[in-house]
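Peer 1: coords please:
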Amino acid sequence: MRPSNSKSQSPFNTKLILICVSLLLFVFLIITTSSSFSKPQPPPISESQSQITKATDPVDEPTPVACPSLASRPTCTKTPPSLANALIHYATTNITPQQTLKEISVSARVLEKKSPCNFLVFGLGRDSLMWTSLNHGGRTVFLEEDKAWIEQIKGEIPSLESYHVEYVTRVNQADGLMERGMKEECKVVGDPRFSKCELALKGFPNEIYDVEWDLIMVDAPTGFHDEAPGRMNAIYTAGLMARNRGQGETDVFVHDVDRVVEDKFSKAFLCEGYLREQQGRLRHFNIPSHKALSDTPFCP
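Peer 2: Sure, this is the predicted structure:
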């Protein structure tokens with residue numbers, strides 16, 4: 001390297017270095033400024049969030065945590081009116097249902113699985129509010145022969161859905177009806193309103209026939225002496241309704257099977273092959289739809 005050349009280039013090199021440094025500083029300032037503008041700003045911290053943050057910071061003294069918001073608290077629901085009415089009714093009366101605890105438990109287990117459902121009950125009694133409550137959200141309908149009794153019960157419990165019906169046969173006619181019930185026309189499955197069988201009940205409100213009932217309880221008519229309305233027709237019609245549904249199964253319960261009529265007619269027309277359980281005086285039958293399988297025999 002020649003000395004004369006280095007001396008002449010020194011001022012030029014210094015200026016060049018200063019210019020480069022200035023350019024670098026300018027570029028650095030531009031990058032820094034643009035990044036600060038583009039960086040998202042954190043949302044303002046609310047007072048409640050500040051308290052929670054403070055509570056999570058390591059500190060010497062414990063700091064109370066803020067209460068949870070209303071949205072995070074469990075929802076409080078009221079007791080359904082039907083259940084509330086049942087609790088009050090049975091807590092303030094000395095009159096107990098006609099069935100025993102073991103008998104009621106049979107139907108209650110089925111309702112636990114099927115409710116809310118359509119539940120038809122032959123008979124209106126002191127246990128009617130209980131059945132309605134156990135079928136909460138479903139439809140429970142009662143058929144009663146005594147008009148005065150309907151008015152009394154509806155006066156006490158107006159929410160119950162009940163209808164007055166008439167039974168023209170008596171207990172002392174049971175043997176003749178059993179014989180006629182064995183005829184072929186009584187084995188035909190169809191709408192009870194159009195059945196040729198003498199046992200089929202045809203005088204109910206139309207809406208009773210139009211509903212597919214999931215449960216049917218036969219605990220009426222009276223049936224406790226020879227001149228009283230018997231349950232022959234009610235038992236037969238309950239079985240016919242069950243067989244005539246479009247599909248599925250119907251659970252049919254018959255109370256007072258310690259009596260001759262209830263014993264014989266439930267075995268003959270609800271069929272021992274469909275019998276699922278008996279507790280005390282209550283029998284439980286499970287009858288499938290015969291419409292879905294037209295070649296199904298009346299009794300298995």
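
Peer 1: For the one helix or strand I235 maps to, output the C-alpha coordinates as PDB.
Peer 2: Per DSSP states H and E, I235 falls inside helix 232-244. Extracted in PDB, the C-alpha atoms of helix 232-244 (Å, rounded to 0.1, in the frame of the first residue of the first chain):
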ATOM      1  CA  MET A 232    -115.200 -57.300  32.800                       C
ATOM      2  CA  ASN A 233    -115.600 -54.800  30.000                       C
ATOM      3  CA  ALA A 234    -112.900 -52.500  31.300                       C
ATOM      4  CA  ILE A 235    -110.300 -55.300  31.400                       C
ATOM      5  CA  TYR A 236    -111.200 -56.500  27.900                       C
ATOM      6  CA  THR A 237    -111.200 -53.000  26.500                       C
ATOM      7  CA  ALA A 238    -107.900 -52.100  28.100                       C
ATOM      8  CA  GLY A 239    -106.400 -55.200  26.400                       C
ATOM      9  CA  LEU A 240    -108.000 -54.300  23.000                       C
ATOM     10  CA  MET A 241    -106.600 -50.700  23.200                       C
ATOM     11  CA  ALA A 242    -103.100 -52.100  23.900                       C
ATOM     12  CA  ARG A 243    -103.200 -54.500  20.900                       C
ATOM     13  CA  ASN A 244    -104.700 -51.900  18.600                       C
END
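
Peer 1: average pLDDT for it?
Peer 2: Averaged across helix 232-244, pLDDT comes to 98.

Peer 1: what's the answer for stretch 118-126, then?
Peer 2: According to the model, stretch 118-126 has a mean pLDDT of 96.

Peer 1: P221 is in contact with A234, correct?
Peer 2: Yes - taking contacts as C-beta atoms under 8 Å, A234 lies within contact range of P221: 6.8 Å. All C-beta spots, glycine's among them, are computed from the backbone N, C-alpha and C.

Peer 1: List the residues that are in contact with both of the two.
Peer 2: 122, 167 (C-beta atoms under 8 Å, 6 or more residues apart in numbering).

Peer 1: Count the residues that sit near the nearest residue to F265 once chain neighbours are set aside.
Peer 2: In space, and not counting its chain neighbours, F265 is closest to I235: 4.4 Å by C-beta to C-beta, 6 or more residues apart in numbering. By other C-beta atoms under 10 Å, 27 other residues sit near I235.

Peer 1: so what's I235 up against?
Peer 2: Contacts of I235 by C-beta under 8 Å, 6+ apart are 218, 254, 262, 265-266, 269-270.

Peer 1: how much space between it and E227?
Peer 2: Computed as C-beta to C-beta, to the nearest Å, the I235 to E227 distance reads 19 Å.

Peer 1: Repeat that for L101.
Peer 2: 32 Å.

Peer 1: Could you do E249 as well?
Peer 2: 36 Å.

Peer 1: So those two - more neighbours on which side?
Peer 2: E249 (15 against 9).

Peer 1: Give me the contacts around stretch 112-124.
Peer 2: Residues contacting stretch 112-124 (C-beta under 8 Å, 6+ apart): 111, 128, 131, 134-144, 149-150, 153, 160, 162, 208, 211-221, 231, 234, 238, 241, 251.

Peer 1: Name the residues of it that are buried.
Peer 2: 114-115, 117-124 (16 or more other C-beta atoms under 10 Å).

Peer 1: With stretch 207-224 instead?
Peer 2: 208-209, 213-223.

Peer 1: avg pLDDT for that stretch?
Peer 2: Per-region confidence: stretch 207-224 scores 96 on mean pLDDT.
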